[in-house]
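> okay, predicted coordinates and the sequence, questions at the end:
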Amino acid sequence: MTRARGVVALACMARPRRSGGERALVAEAFAAMPDTLSRRGKALALARRVAGELITDRSDPVFRALIRAREAVGGDPAFRLATDPEISLYGLLEELRLERFTARGCAWVDREVWQRETEEIEAELVDRLAARFRRK
């Protein structure tokens, strides 16, 4: 009997708990959405917004200044989810980019292939984030 409980305890430890900040931001974003949407619909809509924020090119200095201004105002939970370093959703994007890069033999690609790959990564990000936000 002890052995079975040990297996159950081990299975319960499989996924680390999300940060309280992430849960609060997801709850805030869900509360701002219409009640007619299901939890799944809300998670998908939020995942699309967050993935869009993650995919956005942040190399332009003017854009970085706008980001700092948005952070100071702090209104949009999707933006805060995408940019909060403690939640680290950007790490998920980097992981997906690295997987693609190594899968193609660490070869550089032209702009057209990069854009197509970025769209595929964004679609995968939306799927993963929607599942993640639904569990909140």
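All right, it came through fine.

> contacts for the helix or strand hosting Arg64?
Secondary structure assignment for Arg64, by DSSP states H and E: helix 61-73. With contacts defined as C-beta atoms under 8 Å, 6 or more residues apart in numbering, helix 61-73 is touched by 56-58, 76, 79-80, 83. From N, CA and C alone the C-beta is placed, and that goes for glycine too.

> where does this structure have low pLDDT?
Along the chain, segments meeting pLDDT under 70 span 1-19.

> mind doing that once more with 90?
Applying pLDDT under 90 to the chain picks out residues 1-21, 56-76, 79-80, 82-85, 87-88, 90, 136.

> can you map out the helices along it?
For the chain, helices defined by DSSP state H occupy the ranges 2-12, 20-32, 39-55, 61-73, 77-83, 89-103, 111-134.

> can I get these in JSON lines with mean neighbour count?
As requested, the helices of the chain are exported to JSON lines (neighbours: other C-beta atoms under 10 Å):
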{"stretch": "helix 2-12", "mean neighbour count": "8"}
{"stretch": "helix 20-32", "mean neighbour count": "16"}
{"stretch": "helix 39-55", "mean neighbour count": "19"}
{"stretch": "helix 61-73", "mean neighbour count": "10"}
{"stretch": "helix 77-83", "mean neighbour count": "21"}
{"stretch": "helix 89-103", "mean neighbour count": "14"}
{"stretch": "helix 111-134", "mean neighbour count": "15"}
